Structure formats: C-alpha cells, structure tokens
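J.: sequence and predicted model, in that order:
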Amino acid sequence: MSVNSIPSPPEGQDLAKVPLKFEVTRIPVTDFDRAKDFYQRLGWQLDIDFQFTEQVRAVQFTPPGSPASIQFGPPAGPPLKGLLLIVDDIEAAHAEIRNRGIEIGDIFHAAPGGEPEPGRDPEGRSYVSQAAFPDPDGNTWVLQEVTERIPGRITY
C-alpha cells in the first residue's frame, strides 16, 4: 500500500503534553493456571506470578517484541474481543502459533468495510491481512499484518 493511499491523521489536534504510556491491560480469565499454561505455550514471556494472599494473585505476560503486557484478572464481564497483535509477516506468525499447538483461524483479508476473503491480501496492503485465535476463556486475539504505518503514527 502506498503512503498516498493511507489516510493522514487529522491536522490541528490538541495533543496532550504529558507522556501517558499504555503498558498493561487486564484480561478476564476463569482459571489462572490454565491461562498461564496457554500463554506459555504461545511463547509469551512470563513477567510475574505472585501469590499475594490466598485470594489475590498477579500473573503478567508480555508478547515477544511488545512494549505492552497483559495481566490476568477475574471475569467482570464478557471476554475481550479483537485484541490486536501487530505482525510484520502474517504467514510466519500464523505458522508459529499453529506450530505451538494453538488453534488459529485461517488467514483472511478484508479492506475496511469489505467482506473478508480467504488468504493474505494479494496486494500486500498494510492493515488488511488478519487471522484470529481465542484463549481458553474466549478472549480473542487478532493478528494484523502491518508493513507500512499510517503517516504520523508513532513507533516504539
């Protein structure tokens, strides 16, 4: 996808001056040990597993190459859907997840507002090729291939 076909961010934004770093999000799980086994099999880094009290436990994982992490929390609502994992090569990421014994849907592509079609985007456009997989609690992760960022997007 050429830079000219990716929309530019809005001009004249009043951006905050104080840095706010999104580092961790809590995902609902019903069984911390089962979820821990799943994310270890996925190959994510176990950052912490602390048992503070009999009722309070903290488990945190970080996906490889990510500045953000997940922490397990008790279900307080439905599972989270559409958690994005950005990848450079969707076919390689898809194969690694499948090779780790994780059930993952087939790769598909869909332009914004378009119907999903099987396979990687034949034009290789950023943000278009995807594949999804759930964890044991139904939290759904979506691989999204990004090879060219929207202009003005900050990279870390």
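T.: Perfect, I can see it now. Numbers count the residues shown, from 1 in each chain.

J.: skipping adjacent residues, who's closest to residue 119 in space?
T.: Distances taken as Cβ to Cβ, 6 or more residues apart in numbering place residue 107 nearest to residue 119, at 6.0 Å, with adjacent residues excluded. In short, each C-beta sits where N, CA and C put it, glycine included.

J.: quick one: contacts for residue 102?
T.: The contact partners of residue 102, by Cβ atoms under 8 Å, 6 or more residues apart in numbering, come to 38, 41, 42, 133.

J.: surely the residue nearest to residue 119 touches residue 90?
T.: Yes - between residue 107 and residue 90 there is a contact under Cβ atoms under 8 Å: 5.8 Å.

J.: going along the chain, name the helices of this structure.
T.: 32-41, 90-99 (DSSP state H).

J.: other SSEs contacting the last one?
T.: Counting by 3 or more Cβ pairs under 8 Å, 6 or more residues apart in numbering; DSSP states H and E, the packing neighbours recorded for helix 90-99 are strand 129-134, strand 140-145.

J.: for those strands, give me a markdown table that also has mean pLDDT, distance to residue 97 and mean neighbour count.
T.: Output for these, formatted as a markdown table (pLDDT from 0 to 100; distance: least, Cβ to Cβ, whole Å; neighbours: other Cβ atoms under 10 Å):
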| stretch | mean pLDDT | distance to residue 97 | mean neighbour count |
| --- | --- | --- | --- |
| strand 129-134 | 98 | 6 | 21 |
| strand 140-145 | 97 | 8 | 20 |
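
J.: mind putting the ones you listed in CSV, distance to residue 60 included?
T.: Output for the helices and strands packed on helix 90-99, formatted as CSV (distance: least, Cβ to Cβ, whole Å):
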stretch, distance to residue 60
strand 129-134, 20
strand 140-145, 16
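
J.: to residue 119, which of those strands lies closest?
T.: strand 129-134 (8.2 Å; Cβ to Cβ).
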